[in-house]
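Engineer: With the sequence up front, the predicted model follows.
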Amino acid sequence: MVNWTEAQQQAIEARGCNLLVAAAAGSGKTAVLVERIIQMIVKDKIDIDRLLIVTFTNAAAGEMRERISAAIMAELEKNNANELHLKRQLNLLNHASISTIHAFCTEIIRRYFHIINIDPKFRIGDSTETELIKLEALEELFEAEYEKNSSYFLGLVEMFSSSKSDEGLQELVINLYEFIQSQPYPGQWLHERIKDFNMNMDEIIICPWVQTIRQQFIIQLHAARDIFNQALDLINQPGGPVDYAEALTGDISITDELIAALNTSIFSFYNKLPEIQHPRLKRAAKDADQAIIDQVKGLRDEGKSIITEMKKQGFKGNPEEYVKDLNELYPYMTYLYEITETFQHIYSEKKHDKGIVDFNDLEHYALEILADEKVAGEYRDQFEYIFIDEYQDSNLVQETILNFIKRDNNFFMVGDVKQSIYRFRLADPSLFITKYKQFMDQEGALNRRI
């Protein structure tokens, strides 16, 4: 019998809530997830096909199915009173919804293809095939744009490409198209972001991307402050260079001033940066330990370099000039949005003609289907509980899909944000972080964190 920890036991037994389990590598999170499923089958008498279990890879889905099968077999060997129920679960297991999100989306589309008027015989194109179709669509798009001879298009070519080719703009269109696929409604999201180039002074200070820069700088400054404090702790050790205290205290004061400026606005911060002058270190006493001296100096240089690097990033100069520059870019960014939308249309048409879809299509088609409340309601009725493994690697489209079909209290997520390495696949670890902050660790909470 497994000796579960108290936290693991809570994750296995908690019911009637949405549950986020934050579990580090090697902490037995998959074992906990499987045990929770088994207990729902054995104790709660829930059929396995009433559970939706989403994994990150097909291999993980296969392993999950095998582990559940083995656990059911182990229960049967105990001469369990639930023998008929357990045998039924083994029969249902082959049809249970244990799969990747893309496989689940495929099932939705094949079941409700008529809602979005798609050929049910569609196939999923491989990456080589879809890349070639993208290049064909891009070539068609650019030929048409050159024929139009729009000053905005030619301006974009000049901005983002070299004098010898327009590859830079082509790459931008492709990268922009692929990036926005992580949004539930890509075109709408991009259109809203283009408006950020048409802001006035009051709007730019509170806009999302300036706030993101500001928040990142605050994190970096707190890191610098911690480093200076480490150095300050070292000088108070036996043999430490106590004469460095004044300079290190000054370094900490500088970081506090910069944090205060950032809390006012990003522009107050940049006005403050040029004034920064770190105090000079006094000469250490002769009896100071050289190893500690070197360690303190190394830490101080590390902290100072964080602040020095900030001077090279982001805004420099007059904020009014930034607003003017953004406003001048606005019509060009609007045109970039328009040609990206045109590219999406051409690419979609070419895929449709070939009867193929890509992985982004699977998510967005499923989302379009689940926007039908009748369909979403059928899935809510079908699944008693929804499990999602490796939640840190989800994106907002996948989150929205599952939100359509989850109930108020039946969503189980497990993951570790430190293991999120799939940003290049448009994973959004902020979804995990937001829930981690918002969910409560009290027993009985509707949205609970363990």
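Structural biologist: Everything's here; your move.
Engineer: which residues does Met64 contact?
Structural biologist: Met64 is in contact with 30, 33-34, 53, 55, 98, 389, counting by Cβ atoms under 8 Å, 6 or more residues apart in numbering. Glycine gets a C-beta too; all of them are placed from N, C-alpha and C.
Engineer: could I get those as a markdown table with distance to Ile46 and neighbour count?
Structural biologist: What follows is those, written out as a markdown table (distance: Cβ to Cβ, whole Å; neighbours: other Cβ atoms under 10 Å):
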| residue | distance to Ile46 | neighbour count |
| --- | --- | --- |
| Thr30 | 20 | 17 |
| Leu33 | 15 | 24 |
| Val34 | 14 | 20 |
| Ile53 | 12 | 24 |
| Thr55 | 19 | 23 |
| Ile98 | 14 | 25 |
| Asp389 | 18 | 20 |
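Engineer: Among these, which pair sits farthest apart?
Structural biologist: Thr30 and Ile98 (12.6 Å; Cβ to Cβ).
Engineer: how about the helices in the stretch 101-250 of the chain?
Structural biologist: Secondary structure of the stretch 101-250 of the chain, counting by DSSP state H, counting those that start in this stretch: helices at 101-111, 113-116, 127-148, 151-160, 167-180, 186-194, 201-206, 208-235, 245-264.
Engineer: who wins for proximity to Leu336 among those helices?
Structural biologist: It's helix 151-160; of these, that one is closest to Leu336 (Cβ to Cβ) at 6.0 Å.
Engineer: Give me the distance between that closest one and the centre of its chain.
Structural biologist: Here the centre of helix 151-160 is set off from its chain's centre by 32 Å, with Cα atoms, centre = their mean, to the nearest Å.
Engineer: now stretch 427-435
Structural biologist: Centre-to-centre, stretch 427-435 and its host chain are 5 Å apart (Cα atoms, centre = their mean).
Engineer: Poorly predicted segments of the protein, please.
Structural biologist: Judged by pLDDT under 70, the chain has its weakly predicted residues at 1, 79-80, 314-318, 421-426.
Engineer: can you name the farthest residue from the center of it?
Structural biologist: Among the C-alpha atoms of the chain, the one most distant from their mean position (Cα atoms, centre = their mean) is that of Lys286, at 52.6 Å.
Engineer: returning to what we had before: can you tell me which of the contacts of Met64 end up in strands?
Structural biologist: By the criterion of DSSP state E, membership of these in strands covers 53, 55, 98.
Engineer: wait, isn't the second one in contact with Ser394?
Structural biologist: No: taking contacts as Cβ atoms under 8 Å, Thr55 lies outside contact range of Ser394: 11.6 Å.
Engineer: tell me the contacts of Val397?
Structural biologist: Listed by Cβ under 8 Å, 6+ apart, the contact partners of Val397 are 181-184, 363-364, 367.
Engineer: for those, which one is nearest Leu92?
Structural biologist: Glu363 (26.7 Å).
Engineer: coming back round to it: pipe the contacts of Met64 into TSV and attach distance to Arg280 per row.
Structural biologist: Output for the contacts of Met64, formatted as TSV (distance: Cβ to Cβ, whole Å):
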residue	distance to Arg280
Thr30	55
Leu33	57
Val34	61
Ile53	62
Thr55	58
Ile98	64
Asp389	54
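Engineer: ok, those residues vs Phe142, which is closest?
Structural biologist: Using Cβ to Cβ, Thr55 is the member of the contacts of Met64 that sits closest to Phe142, with 39.9 Å.
Engineer: who's in contact with the closest one?
Structural biologist: With Cβ under 8 Å, 6+ apart, Thr55 has these contacts: 61, 64, 98-100, 389-390.
Engineer: how does it look with 7 Å?
Structural biologist: Contacts here follow Cβ atoms under 7 Å, 6 or more residues apart in numbering; on that basis Thr55 touches 61, 64, 100, 389.
Engineer: Just to check, the third one is in contact with Ala61?
Structural biologist: Okay, so that is Thr100. Yes: counting by Cβ atoms under 7 Å, Thr100 touches Ala61, with 6.1 Å between them.
Engineer: Kindly state which of the helices of the stretch 101-250 of the chain is positioned closest to Asp441.
Structural biologist: With Cβ to Cβ, the closest approach to Asp441 among the helices of the stretch 101-250 of the chain belongs to helix 208-235: 23.7 Å.
Engineer: Phe411: how many residues sit nearby?
Structural biologist: Around Phe411 there are 22 other residues, counting by other Cβ atoms under 10 Å.
Engineer: Pull up the gap between the nearest residue to it once chain neighbours are set aside and Ile450, please.
Structural biologist: Nearest non-adjacent residue to Phe411, counting by Cβ to Cβ, 6 or more residues apart in numbering: Asn18, 4.3 Å away. From Asn18 over to Ile450 the distance is 12 Å, taken as Cβ to Cβ, to the nearest Å.
Engineer: ditto for Ala70
Structural biologist: Taking Cβ to Cβ as the measure, Ala70 falls 25 Å from Ile450.
Engineer: Next: Thr55.
Structural biologist: The span separating Thr55 from Ile450 equals 20 Å under the rule Cβ to Cβ.
Engineer: any idea how far the closest residue to Pro241 other than its chain neighbours is from Pro238?
Structural biologist: Leaving aside its chain neighbours, Pro241 sits nearest to Ala284 (3.7 Å; criterion: Cβ to Cβ, 6+ apart). From Ala284 across to Pro238, the span is 14 Å (Cβ to Cβ).
Engineer: same deal with Val173?
Structural biologist: For Val173, the distance to Pro238 equals 63 Å [Cβ to Cβ].
Engineer: Neighbour count for the two, which is higher?
Structural biologist: Between Val173 and Pro238, Val173 has the larger neighbour count (other Cβ under 10 Å), namely 22 against 6.
Engineer: tell me the contacts of the more buried one?
Structural biologist: Per Cβ under 7 Å, 6+ apart, neighbours of Val173: 138, 339-340, 343.
Engineer: switch the cut-off to 6 Å
Structural biologist: Neighbour list for Val173: 340, 343 [criterion: Cβ atoms under 6 Å, 6 or more residues apart in numbering].
Engineer: so who does Ser161 touch?
Structural biologist: Residues touching Ser161, when contacts are defined by Cβ under 6 Å, 6+ apart, comprise 168-169.
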